[in-house]
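> Pasting a predicted model and its sequence here:
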Amino acid sequence: MENNNALVISPDAIQKKPHDSLLVPRKFFASVTSEKEKPFDFFRTLFEGMIAGGTAGVVVETALYPIDTIKTRLQAAQGGGKIILQGLYSGLAGNLAGVLPASAIFVGVYEPTKQKLLKIFPENLNAFAHLTAGAIGGAASSLVRVPTEVVKQRMQTGQFASAPSAVRLIVANEGFKGLYAGYGSFLLRDIPFDAIQFCIYEQLRIGYKIVARRDLYDPENALIGAFAGALTGAMTTPLDVIKTRLMVQGSTNQYKGIFDCIQTIVKEEGPSALLKGIGPRVLWIGIGGSIFFGVLERTKLILSQRDAKKKDH
């Protein structure tokens, strides 16, 4: 993105008339919905981020849950285990109860953190602001996302019939820590995933806006989100396989930890097993990224326009 920054400080841009200089963004990182400088309102940004993130998360999860179920079953199957294609929506209701607050927390933390960091980092390092904000948002939301993921994946693999019974039996058999099974592997997967995905998305939007010299349309946001999601999903598939195995093992304790899990999988099933489910994962996250970022930007725009109307009145 250094070439993009060069556009801002180029002599030609400096010599342009004031009204022409509006065509050259002063700061590429002002906002994902607007390039205009606005006073930073932490609580408004937090609130709107939580609404937009929660809405986008629920829409994606509901639409793509069957693909996620197939991916989980592929990753959990050992050796030549058969994949059952029944009950692909198993655990959806309970999962939505966790996805809504988790997505809200993530975006609610990501947006104000990003805007604060962008004021600290120099413009040529704005990608690090996006990476850091994504990592912080992922870490904050993991407190809700991990128990949700544990219950969801146990239900997807047929271990439990309902979310309440899953929570009750997991706590009874494994203790409260059972709800955080695979927490380390989850962070190992999701912090890089969140950081990389949002960084790629933000940087591509910045570059696109520079070329188009306008705000992006919904299909364009969706297309960029799909690319960012699919690429990041493919890159983090081995981490996802490890996370799935540790979360679904239950009290059997087949794997003693992350490194033991990796060694066991490679030894017993070969290195290719670390890429199990890559097809459904890339498809799921690619389509999911398209829907998530499309809904996210549209919701943020609606909220921003609503605030503008209130101020006008």
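Thanks, I have it.
> Break down the stretch 201-313 of the chain into its helices, ranges please.
Taking DSSP state H, counting those that start in this stretch as the criterion, the stretch 201-313 of the chain carries its helices at 218-235, 237-248, 258-269, 278-312.
> Ok, which of those helices comes nearest F121?
helix 218-235 (20.2 Å; C-beta to C-beta). In short, each C-beta sits where N, CA and C put it, glycine included.
> quick one: low-confidence ranges for the stretch 201-313 of the chain?
312-313 (pLDDT under 70).
> and I196, how many neighbours?
Residues near I196, counting by other C-beta atoms under 10 Å, number 19.
> Distance check, it against S272.
Using C-beta to C-beta, to the nearest Å, I196 is found at 23 Å from S272.
> before we move on, what about T264?
Distance from T264 to S272, counting by C-beta to C-beta: 15 Å.
> what do you get for F176?
Distance from F176 to S272, by C-beta to C-beta: 36 Å.
> Of T264 and S272, which one has the most company?
T264 (16 against 10).
> The more buried one touches I258, doesn't it?
No. Contact criterion C-beta atoms under 8 Å: T264 and I258 do not qualify, at 10.9 Å.
> Setting the sequence-adjacent residues aside, check what's closest to D307.
Excluding the flanking residues, the one nearest D307 by C-beta to C-beta, 6 or more residues apart in numbering is R44, at 7.2 Å.
> in what helix or strand does that neighbour lie?
According to DSSP states H and E, R44 maps onto helix 42-76.
> S141 too?
Going by DSSP H and E, S141 is in helix 126-156.
> what separates that helix from the chain centre, distance-wise?
Centroid separation between helix 126-156 and its chain, computed with C-alpha atoms, centre = their mean, to the nearest Å, is 7 Å.
> counting contacts, what elements does that helix pack onto?
helix 42-76, helix 92-120, helix 163-174, helix 183-212, helix 237-248 (3 or more C-beta pairs under 8 Å, 6 or more residues apart in numbering; DSSP states H and E).
> R189 and A234: what is the separation?
R189 is 13 Å from A234, where distance means C-beta to C-beta.
> So for these two, which residue has more residues nearby?
More crowded of R189 and A234, by other C-beta under 10 Å: R189, with 21 against 15.
> Spatially nearest residue to the more buried one (excluding sequence neighbours)?
Excluding its sequence neighbours, the residue lying closest to R189 (C-beta to C-beta, 6+ apart) is L239, at 3.7 Å.
> Quick check, that neighbour in contact with S185.
Yes. At 7.1 Å, L239 counts as touching S185 under the criterion of C-beta under 8 Å.
> Of the two, which one has the most company?
S185 (24 against 21).
> can you pull the pLDDT of M1?
Per-residue confidence (pLDDT) for M1: 40.
> Could you do the one 4 residues further on as well?
In this model, N5 is scored at 44, pLDDT.
> Next: F193.
Reading off the model, F193 has pLDDT 92.
> Check A102 too.
So, for A102, pLDDT stands at 92.
> check contacts around the residue positioned nearest the centre of the chain.
Centroid check for the chain by C-alpha atoms, centre = their mean gives D194 as the closest residue, at 4.8 Å. D194 makes contact with F106, G134, A135, G137, G138, according to C-beta atoms under 8 Å, 6 or more residues apart in numbering.
> how much distance is there from stretch 112-119 to the middle of the chain?
Stretch 112-119 has its C-alpha centroid displaced from the chain centroid by 18 Å (C-alpha atoms, centre = their mean).
> Would you mark the buried spots in it?
P112, T113, K114, Q115, L117, L118 (16 or more other C-beta atoms under 10 Å).
> now swap in stretch 239-253 and tell me
Those would be L239, D240, V241, I242, K243, T244, R245, L246, M247, V248, Q249, G250, for stretch 239-253 by 16+ other C-beta under 10 Å.
> same check, this time on stretch 139-159
In stretch 139-159, counting by 16+ other C-beta under 10 Å, buried: 139-142, 144-157.
> Report how many residues lie close to the closest residue to V107 other than its chain neighbours.
Counting by C-beta to C-beta, 6+ apart, G53 is the residue found nearest to V107 once chain neighbours are left out, at 2.6 Å. By the measure other C-beta under 10 Å, the count of residues near G53 is 29.
> next one: N124
14.
> Quick check: it vs V58, distance?
Noted for N124: a distance of 37 Å to V58, by C-beta to C-beta.
> before we move on, back to that, ok and the helix holding S141 relative to helix 42-76, angle-wise?
Interaxial angle, helix 126-156 versus helix 42-76 (axes from the mean of the first three to the mean of the last three C-alpha atoms, to 10 degrees): 50 degrees.
> picking that back up, out of the buried residues of stretch 112-119, flag the one nearest to Y180.
For those, the nearest to Y180 is T113 (23.6 Å; C-beta to C-beta).
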